[in-house]
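> Coordinates only, no sequence provided:
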Ligand code: SF4
């Protein structure tokens, strides 16, 4: 099992991530175990995926629309969002939509080209689980959650923007 | 100036620490070149042709004398003793060492400055009218709104990896001096019939390789909704803007692809979820930010200071400077002074550390310790007393900062170009200098009157060539530097109904040494055709079209020269 970060600690990951093969060929579905399947597989073979032992998770690529799984969320043990490249920022919006619009409360995992320098923003947008790319040490990366002590904006982590909290602070002072 | 509170200060310091760690990891080989690039870019650090280039943010162009002294100190200690004020109201250092940059950022933080988001695919430094706060036609103080937006856009967790850079301009006065139709988002303050403040929201304008005039998405957005509406616009852009082709990634391309109507509908649909949410601005917050700004203390002055008027009448050179470089002020007896960084022989926008220190002194003595940087790459002392103008003029003259050319042909806007910038097709600074030298007779330049001449070294348009009355663009032809000329561009209200205009290319491009001659011919056509001295170059271009200009420039002897050169080249 690989080590991932979940809720700010390093844990072994019970999930197996299935990625499509060449030319978008769907991956084989293992008979047992907890699996995270691509959204396309979920939509094509929902039945086959559901009636098997083991929990089910789904992952979205950065161009995919979380609205299509809004109704299915209760079936999943984890939802993951792929970052094909570090600079592809669509996953940040997807995470906020899953949390703030579609009400996903469970594990939300960032996968793909993910390393320590994104963790602070990813966490702000609602990710609580991080499978770092190969070669990154998750233990060392933990420090990145403390890169900043606060943030100006409203986000999943801090619903009230700083300006609303500032006023409270000033009111108390 | 907005004065940081503890939290603002802490966040900037935390950023310095974060970047120090990233730089150390890079230097130790733990962070690859590819991974480090976007990280250093969002701290303003480019690797340029000859050395790294560090771009320091001057939020909305406002500086204190103390900050300017620190900029001078940095130029001396870590650079070669000068800096370059850019068209984006930033300051660029062209020679810092990579390993020194964390120390430079730490030094900046001591005076509440930083290089955050001065490049990279995030919301950039917000720009505004350089006469904010002192202009007579002001509706709101745009600095306050810029600062609210600065805080909102700084380290925005959702919008830090956009498809491309994102530039916002705010205009608080009636006249648009912030080019709101030529930014990714332009915000133009307006009042509705009930006297409430709101913003006209313009989306999808821009220069670059495909110049576009922006589309009005909201005629009147009440100020409370400013942040939630911008988040809706940015979310649509973040999710659907193109990421496969860097040249098609700006929001203007998305707006065009969807159509402005559809973009408006998509933004509205997104906004429906965000409107009235926690990011809705409050009156308390606007007041809090307002109160953290230092304010000039104005004396009650009569205006039309007698000593000043006497000097004006007696000294033509002083009067000429006042005419070009001094603007009226909303307070009687005060004026806004532009210090020109466009002296012939000096690259436009460059200032030495000595000049920076001296200007800081002028700001302290004559303008309450504050100054502004204009997108025309000049420095502005916004709160000078009329009675001080003569003394100020003499000091500025001694410093080489009193060239009376604001608004005139020799007040050239030019990007750093091929001398410094690795993206350049051609040099821009020597072109600016050659033009300034050709037109060094001031009375002639006065006679020509108002004329914006802008030069960019490549399609990225940092020199705003599209909106120059005359625009010059460096192009690459088989590895050689050539220049394309356009005329008829304008920033800000061009004519009634035309918020801004993009210049038209007059024809095939020219070699560098031909440029001053071409400009002379363009000016010649103008002088022949103008109906009065009030008719500006740009007015004549609009009235006659570009044909007469084209004819003169591409006349037979020009063709002849070209043929000769070609036959020489092939010989
Ligand atoms: S316009 Fe081109 S050459 Fe000039 S500074 Fe911008 S990128 Fe560099």
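Thanks, I have it. Bear in mind the structure is a predicted one, so any value in this text is a computation, not a measurement.
> can you pull the contacts of residue 3?
In the absence of a named chain, chain A is used. Contacts of residue A:3 were listed using Cβ atoms under 8 Å, 6 or more residues apart in numbering or on different chains, and they are A:10, A:11, A:12, A:13, A:138. To be clear about C-beta, it is placed using only N, CA and C from the backbone, and glycine gets the same treatment.
> Can you look at chain B instead?
B:112, B:292, B:293, B:294.
> Can you give me the neighbour number for the residue of chain A found nearest chain B?
Taking Cβ to the nearest Cβ as the measure, the point where chain A comes nearest chain B is residue A:89, at 2.7 Å. Using other Cβ atoms under 10 Å in any protein chain shown, residue A:89 has 27 neighbouring residues.
> Buried residues of stretch B:268-285, list them for me.
Residues of stretch B:268-285 classed as buried under the neighbour-count rule (16 or more other Cβ atoms under 10 Å in any protein chain shown) are B:270, B:271, B:274, B:275, B:278, B:279, B:280, B:281, B:285.
> residue in chain A nearest to the ligand?
Taking Cβ to the nearest ligand atom as the measure, the point where chain A comes nearest the ligand is residue A:87, at 19.3 Å.
> Just the pLDDT at that residue, thanks.
The predicted structure scores residue A:87 at 94 on the pLDDT scale.
> Output the below-cut-off pLDDT ranges for chain A.
Of all residues in chain A, those with pLDDT under 70 make up the ranges A:1, A:168-173.
> in it, which spans are strands?
All strands of chain A, identified by DSSP state E, fall at A:3-6, A:9-12, A:15-17, A:34-38, A:56-60, A:78-83, A:107-112, A:129-130.
> on that earlier part again, just the buried ones among the contacts of residue A:3, please.
Members of the contacts of residue A:3 that pass the buried threshold by neighbour count (16+ other Cβ under 10 Å) are listed as A:13, A:138.
> Which of the contacts of residue A:3 sits closest to residue A:98?
Proximity of the contacts of residue A:3 to residue A:98 was ranked by Cβ to Cβ; the top entry is residue A:13 with 19.7 Å.
> before we move on, back to that, so which of the buried residues of stretch B:268-285 would count as near chain A as well?
Residues of those in contact with chain A (Cβ under 8 Å from any Cβ of the partner chain): B:278, B:279, B:281, B:285.
> correct me, but the second one touches residue B:227?
In this case it means residue B:279. Yes - Residue B:279 is within contact range of residue B:227, at 4.4 Å (criterion: Cβ atoms under 8 Å).
> what residues are shared contacts of those two?
Taking Cβ under 8 Å, 6+ apart as the contact rule, the neighbours common to residue B:279 and residue B:227 are A:161, B:152.
> pretty sure residue B:138 is touching residue B:175, no?
No - with contacts counted by Cβ under 8 Å, residue B:138 stays clear of residue B:175, the gap being 9.8 Å.
> neighbour count winner among these two?
Looking at residue B:138 and residue B:175 with other Cβ under 10 Å, you find the greater number of neighbours at residue B:138, namely 19 against 14.
> I'd like the contacts of residue B:3 as CSV, with secondary structure, pLDDT and neighbour count appended.
Supplementary listing: the contacts of residue B:3 in CSV, determined by DSSP: H, G, I helix; E, B strand; the rest coil; pLDDT from 0 to 100; neighbours: other Cβ atoms under 10 Å in any protein chain shown:
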residue, secondary structure, pLDDT, neighbour count
B:112, coil, 98, 18
B:292, coil, 97, 15
B:293, strand, 97, 15
B:294, coil, 94, 12
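> Near chain B, which residues of chain A? Just list them.
Near chain B, the residues belonging to chain A are A:86-90, A:92-94, A:96, A:100-101, A:115, A:117, A:120-121, A:124-125, A:147-155, A:159-164, A:166-167, A:170 when assessed by Cβ under 8 Å from any Cβ.
> Just the ones of these in helices?
Counting by DSSP state H, the part of the residues of chain A next to chain B found in helices is A:90, A:92-94, A:96, A:120-121, A:124, A:162-164, A:166-167, A:170.
> is chain A contacted by stretch B:18-38?
Yes - interface with chain A: stretch B:18-38 contributes B:18, B:22, B:35, B:38 (Cβ under 8 Å from any Cβ).
> what about that stretch, start to end distance?
14 Å (Cα to Cα, to the nearest Å).
> per-residue confidence averaged over that stretch?
The predicted model gives stretch B:18-38 an average pLDDT of 93.
> what sits up against that stretch?
Applying Cβ under 8 Å, 6+ apart, the set of residues contacting stretch B:18-38 is A:86-87, A:115, A:117, A:147-148, B:39-40, B:43, B:98-99, B:101-102, B:105-106, B:120-121, B:161.
> what do you get for stretch B:137-150?
Where contact means Cβ under 8 Å, 6+ apart, the residues beyond stretch B:137-150 that reach it are B:2, B:59-60, B:62, B:125-129, B:132-133, B:168, B:170-175, B:178, B:187, B:189-191, B:197, B:223, B:226-227, B:230, B:281, B:285-286, B:289-290, B:293, B:330.
> Would you mind putting the ones next to chain A among the buried residues of stretch B:268-285 into a markdown table with distance to residue B:68 and secondary structure alongside?
Formatted as a markdown table, the entries for these read as follows, by distance: Cβ to Cβ, whole Å; DSSP: H, G, I helix; E, B strand; the rest coil:
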| residue | distance to residue B:68 | secondary structure |
| --- | --- | --- |
| B:278 | 37 | coil |
| B:279 | 34 | coil |
| B:281 | 31 | coil |
| B:285 | 29 | helix |
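> Now for these: which two are most distant?
Checking these with Cβ to Cβ, the most distant pair is B:278 and B:285, at 11.9 Å.
> Give me the common contacts of these two.
When contacts are counted by Cβ under 8 Å, 6+ apart, residue B:278 and residue B:285 are jointly contacted by residue A:164.
> Just say helix, strand or coil for the residue of the stretch 101-250 of chain B found nearest chain A.
When distances are taken as Cβ to the nearest Cβ, the stretch 101-250 of chain B approaches chain A most closely through residue B:161, which lies 2.7 Å from it. Three-state call for residue B:161 (DSSP: H, G, I helix; E, B strand; the rest coil): coil.
> about what we covered before: could you turn the buried ones of the residues of chain A next to chain B into a PyMOL selection?
If you want just the buried ones from the residues of chain A next to chain B in PyMOL, going by 16+ other Cβ under 10 Å, the selection is:
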select buried, chain A and resi 86+87+88+89+90+92+93+94+96+100+115+117+120+121+124+125+147+148+151+152+153+154+155+161+162+163+164+166
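> residue closest to the middle of chain A?
For chain A, the residue lying nearest the average C-alpha position, counting by Cα atoms, centre = their mean, turns out to be residue A:109 (2.3 Å).
> so it makes contact with residue A:132?
No - between residue A:109 and residue A:132 there is no contact, the gap being 11.0 Å when judged by Cβ under 8 Å.
> Common neighbours of these two, please.
Taking Cβ under 8 Å, 6+ apart as the contact criterion, the residues that touch both residue A:109 and residue A:132 are residue A:4.
> Give the rounded mean pLDDT of the helix or strand residue B:257 falls within.
When elements are defined using DSSP states H and E, residue B:257 is found to belong to helix B:251-258. Average pLDDT, helix B:251-258: 96.
> ok and whichever helix or strand comes after that helix relative to helix B:251-258, angle-wise?
Sequence order places helix B:260-274 as the next helix or strand after helix B:251-258, per DSSP H and E. Taking axes from the mean of the first three to the mean of the last three Cα atoms, to 10 degrees, helix B:260-274 and helix B:251-258 form an angle of 110 degrees between their directions.
> name the helices or strands packed onto helix B:260-274?
Secondary structure elements in contact with helix B:260-274, counted by 3 or more Cβ pairs under 8 Å, 6 or more residues apart in numbering or on different chains; DSSP states H and E, are strand B:197-203, strand B:215-222, helix B:226-240, helix B:251-258.
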